[in-house]
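J.: Show me the folded form of this:
(chains A and B)
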Protein chains: 2
Amino acid sequence: MPDHEPLRVALVGCGSVGASVARLLVESADDLAARAGRPLELAGIAVRRQRPRPEVPVDASLFTTDAVELVSRPEVDLVVEVMGGIEPARSVVLAALKNGASVVTANKALMAEDGSTLHAAAEAAGVDLYYEAAVAGAIPILRPLRESLVGDRVQRVLGIVNGTTNFILSKMSESGAGFAEALDEATELGYAEADPTADVEGFDAAAKAAILASLAFHTRVPLGAVHREGITEVTAADVASARAMGRVVKLLAIAERVDGGVSVRVHPAMIPAAHPLASVHDAFNAVFVQADAAGELMFYGRGAGGDPTASAVLGDLVAAARHRVGGVNGPGESAYADLPVRPMGETTTRYHVSLDVDDRPGVLAAVAQAFAGHGVSIQTVRQEGHADDAVLVLVTHSAPDAALAATVQELRELEIVRDVSSVMRVEGG
Amino acid sequence: MPDHEPLRVALVGCGSVGASVARLLVESADDLAARAGRPLELAGIAVRRQRPRPEVPVDASLFTTDAVELVSRPEVDLVVEVMGGIEPARSVVLAALKNGASVVTANKALMAEDGSTLHAAAEAAGVDLYYEAAVAGAIPILRPLRESLVGDRVQRVLGIVNGTTNFILSKMSESGAGFAEALDEATELGYAEADPTADVEGFDAAAKAAILASLAFHTRVPLGAVHREGITEVTAADVASARAMGRVVKLLAIAERVDGGVSVRVHPAMIPAAHPLASVHDAFNAVFVQADAAGELMFYGRGAGGDPTASAVLGDLVAAARHRVGGVNGPGESAYADLPVRPMGETTTRYHVSLDVDDRPGVLAAVAQAFAGHGVSIQTVRQEGHADDAVLVLVTHSAPDAALAATVQELRELEIVRDVSSVMRVEGG
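T.: Sure thing, here's the model as predicted:
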């Protein structure tokens, strides 16, 4: 039987996620009380400005515009931060931790930017800091990495963790549209924001890559160390060239164990059509994990939206509440491995390169020489003749990224190469 | 820094899973110590009989044939039970819990048969009882259900949780083979045991369904309450009929919230080819979850094998070790909802029925009348004529299973029906 004394929850932020959290706290109060061991009671909701919010079924007196005051009230046990952004979110979270409250946040930018400071503050206060909702929305991925796979050795994490870009790439693949046209469709349907920069340039995915890598490899990964490329330069020709080779284009967040370190990066990549990630369409998210003992795992679901994100927030909230009821706290930051993050140039990858070339003897030899000159070995080459010109599609073996980039640079300068029509990394086998 | 005093682990069972656990405890000792907070040291390995085990890199003196004595030693902190079966596993686990050791088990039969007794013993001793490896091998599914989705309301769990039957059904689908032929291939390749009864008759999946339902619905689900049908009667005609309708046949473990209760069952079912579970091939496992806030989630990976199962065991072991280091224990059994398990006859399902009928006027009317007489409404009907006979393929709307079964019984007795060539439930939309 749950104790009758409630745990008091301060909610910071009341956009679509915050409104869902508030509604579910009210609607599922009995279940949450039974599962947490004590009722969860909303102590207040901090908002940027006061306005009527008929979608949130709570007393109007609960709203306040002073977030720091709210989370510093002595009676507050648990704080949910879903306002997003770095400041004032960081100050609010630090004030909450200082007040001895456990914190649940959906804030990927803040956790990627300054997770270690927040973890240290949580540890000093002896409270929990959870952030499952920060990566891949409703999909449980951080807890599995932190707890289920804690006895295993993760080799690689490949994630489709940004719904906007996955929607755009899905449309490009389905219809043959270019990036701009697919972005327009995503904007119209509400899958892309008015300013889509954070999504299409890969900033959002980079924050998530940093968080995934930190947990998978027990290593602090600064956001600045994540190599980032967005999808704005992915062309219809890239998508078509991928399809011709039995592949699809996805924006991947990659965290990979490499010789004596880790590689953490976000870039578009071609993956085989039979890869489990290839069938993750539209705004869905999925995270593929390879571990020594477990083998291949995939976690799939909705990566954004008020209710899915609120599901992850409430899972963390109940976990933190159970700890509070039991007078304990869960595992904190694990960064003991302290692996170096390798620069992108040293990371070994594979390239898919499509060239429009003159159709005459010696062309393939000249192209092959360009690769060989940089120590890059070619895995497959396919030549298609058209009238007086030809298309060469080459896929390399693994080589340092810098050597591949230099090879492509040299190809662009060869007289026999009319155009380098597609260059993209290849992942997933 | 980890304390130098090790936690002592007793391992019970040394088949493929036990051997992997022992090997990983030795090979990953440093990582496990850093993650658990103290080193994990093998105190002993209980085996049925002594024999040389060169695959297990430990001192021969660690082996014993007295499991109860091993787990009752005062210095043992953690016990891993991977011997399987009900007895003597139950006595060993109860002795371990009585001794104050936390227990990690991969024993689905034991947990499904007598989980409540074991949970009560763990609670009385103030220790952990974890069993992630009991369902879907390496795939983290129990912890996500118990913790990540604890703030949500699960509506339905559909699992492909038996690799042997999924392999057989995949082969039948690929090659058009019948059950017996596909089973032979599975046996030859080592995917089916010499006595495949537990797999092909659905006993293994039923135990997993009971465990999944208990966690998803916070309700004790006795194994005897799980409706169980295996795949021995799935025919090549069923598989072909499914394909003609854009579906595939899978053996599903289903746990579903129904009006005022839960339905828990294992049976072959046709699912749409576009459903995420449809592309789970061969011996892979996957669990699909629908929850009110999270929406649709899927967890995919290897459901069996020494190393994958050992990964799940070690994840639980490190979690239990962390609790021991912190002097706490994790959440115990949650059965507060105490929902009744509805009998299969009352469960509403949909049927796919394929009939060979006389090709003459009035046949469809007579068939439709048989459905209507039992209150079953037809969603789609497709008629294909051949020479003097015809094939009718009908898919019903949801109706009580008993009414559907009675309808099929009546169809078999109709003079115009030459043969009921395929009857199977339809799931997944």
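J.: give me the element A:Ala180 is part of.
T.: Applying DSSP states H and E as the criterion places A:Ala180 in helix A:179-188.
J.: what's in contact with the very next helix or strand once past that helix?
T.: Where DSSP H and E defines the elements, the next helix or strand beyond helix A:179-188 is helix A:197-200. The set of residues that contact helix A:197-200 without belonging to it, under CB atoms under 8 Å, 6 or more residues apart in numbering or on different chains, is A:162, A:164-165, A:168, A:183, A:192-193, A:203-204, A:230-232. C-betas here are computed from N, CA, C, even on glycine.
J.: Likewise for stretch A:400-413?
T.: For stretch A:400-413, with CB under 8 Å, 6+ apart as the criterion, the contacting residues are A:344-349, A:351, A:353, A:355, A:367, A:370-371, A:373-376, A:396, A:417, A:420, A:423.
J.: Which members of those additionally contact chain B?
T.: Subset of these in contact with chain B: empty, counting by CB under 8 Å from any CB of the partner chain.
J.: Return the subset of those residues lying in helices.
T.: For the contacts of stretch A:400-413, the ones inside helices are A:367, A:370-371, A:373, with DSSP state H as the criterion.
J.: Buried subset of the contacts of stretch A:400-413 as a PyMOL selection?
T.: Typed into PyMOL, the line below selects the buried ones among these, using 16 or more other CB atoms under 10 Å in any protein chain shown:
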select buried, chain A and resi 344+347+348+349+351+353+355+367+370+371+374+376+396+417+420+423
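J.: Show me the shaky parts of the stretch 251-400 of chain A.
T.: By pLDDT under 70, the weakly predicted segments of the stretch 251-400 of chain A are A:386-387.
J.: Strands along that one, start to end?
T.: A:261-272, A:284-291, A:295-302, A:348-358, A:378-386, A:389-396, A:399-400 (DSSP state E, counting those that start in this stretch).
J.: thinking again about what came up before, report the buried members of the contacts of helix A:197-200.
T.: Among those, those buried by neighbour count (16+ other CB under 10 Å) are A:162, A:164-165, A:168, A:183, A:192, A:203-204, A:230-232.
J.: Point out the least confident one among these.
T.: For the buried ones among the contacts of helix A:197-200, the minimum pLDDT belongs to A:Ala192; the value there is 94.
J.: Only alpha carbons, please: show stretch A:232-250 as PDB.
T.: The C-alpha atoms that make up stretch A:232-250 are tabulated as PDB, following Å, rounded to 0.1, in the frame of the first residue of the first chain:
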ATOM      1  CA  THR A 232      21.500  19.600 -46.600                       C
ATOM      2  CA  GLU A 233      23.900  18.400 -49.300                       C
ATOM      3  CA  VAL A 234      22.300  15.000 -49.800                       C
ATOM      4  CA  THR A 235      21.100  15.000 -53.400                       C
ATOM      5  CA  ALA A 236      18.500  13.100 -55.400                       C
ATOM      6  CA  ALA A 237      21.500  11.600 -57.200                       C
ATOM      7  CA  ASP A 238      23.000  10.300 -54.000                       C
ATOM      8  CA  VAL A 239      19.700   8.600 -53.100                       C
ATOM      9  CA  ALA A 240      19.400   7.100 -56.600                       C
ATOM     10  CA  SER A 241      23.000   5.900 -56.600                       C
ATOM     11  CA  ALA A 242      22.400   4.300 -53.200                       C
ATOM     12  CA  ARG A 243      19.300   2.500 -54.500                       C
ATOM     13  CA  ALA A 244      21.200   1.200 -57.500                       C
ATOM     14  CA  MET A 245      23.600  -0.400 -55.100                       C
ATOM     15  CA  GLY A 246      20.900  -1.900 -52.900                       C
ATOM     16  CA  ARG A 247      21.400   0.700 -50.200                       C
ATOM     17  CA  VAL A 248      19.400   3.500 -48.600                       C
ATOM     18  CA  VAL A 249      20.600   6.900 -47.200                       C
ATOM     19  CA  LYS A 250      20.100   7.600 -43.500                       C
END
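J.: and that stretch, is it in reach of chain B?
T.: No - taking CB under 8 Å from any CB as the criterion, stretch A:232-250 and chain B are apart, separated by no less than 14.2 Å.
J.: Pull out the buried residues from that stretch.
T.: Burial within stretch A:232-250, assessed by neighbour count using 16+ other CB under 10 Å, is assigned to A:232, A:234, A:236, A:238-242, A:245, A:247-250.
J.: what's the answer for stretch A:396-406, then?
T.: For stretch A:396-406, burial by neighbour count (16+ other CB under 10 Å) applies to A:396, A:399-401, A:403-406.
J.: roughly how far out does it sit from the chain middle?
T.: Its chain's C-alpha centre and that of stretch A:396-406 lie 25 Å apart, by CA atoms, centre = their mean, to the nearest Å.
J.: Could you export it as CSV, CA atoms only?
T.: As requested, C-alpha coordinates have been extracted for stretch A:396-406 and formatted as CSV (Å, rounded to 0.1, in the frame of the first residue of the first chain):
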residue,chain,number,x,y,z
THR,A,396,36.1,1.4,-50.9
HIS,A,397,37.4,-0.8,-48.2
SER,A,398,37.9,0.9,-44.8
ALA,A,399,40.5,3.6,-44.8
PRO,A,400,41.2,6.7,-42.8
ASP,A,401,38.6,9.3,-43.5
ALA,A,402,41.3,11.9,-44.3
ALA,A,403,42.8,9.6,-47.0
LEU,A,404,39.3,9.1,-48.5
ALA,A,405,38.6,12.8,-48.5
ALA,A,406,42.0,13.5,-50.2
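J.: before we move on, the earlier item: from the buried ones among the contacts of helix A:197-200, which ones fall inside helices?
T.: For the buried ones among the contacts of helix A:197-200, secondary structure assignment (DSSP H) places A:164-165, A:168, A:183, A:203-204 in helices.
J.: Nearest to chain B: which residue in the stretch 51-200 of chain A?
T.: Nearest residue of the stretch 51-200 of chain A to chain B: A:Gly151, at 2.4 Å (CB to the nearest CB).
J.: Now that residue: closest residue in space that isn't a chain neighbour?
T.: Nearest in space to A:Gly151, with sequence neighbours left out and distances taken as CB to CB, 6 or more residues apart in numbering or on different chains, is B:Leu314 at 2.4 Å.
J.: Report the mean per-residue pLDDT for stretch A:147-159.
T.: When pLDDT is averaged along stretch A:147-159, the result is 97.
J.: and A:Val104, that one's in a helix?
T.: No - looking at A:Val104 with DSSP: H, G, I helix; E, B strand; the rest coil, it is strand, so not inside a helix.
J.: which non-adjacent residue is nearest it?
T.: Nearest non-adjacent residue to A:Val104 (CB to CB, 6+ apart): A:Asp316, at 4.2 Å.
J.: now A:Cys14
T.: Spatial nearest neighbour of A:Cys14, chain neighbours left out: A:Val47 (4.9 Å); criterion: CB to CB, 6+ apart.
J.: With that, I have no additional questions.
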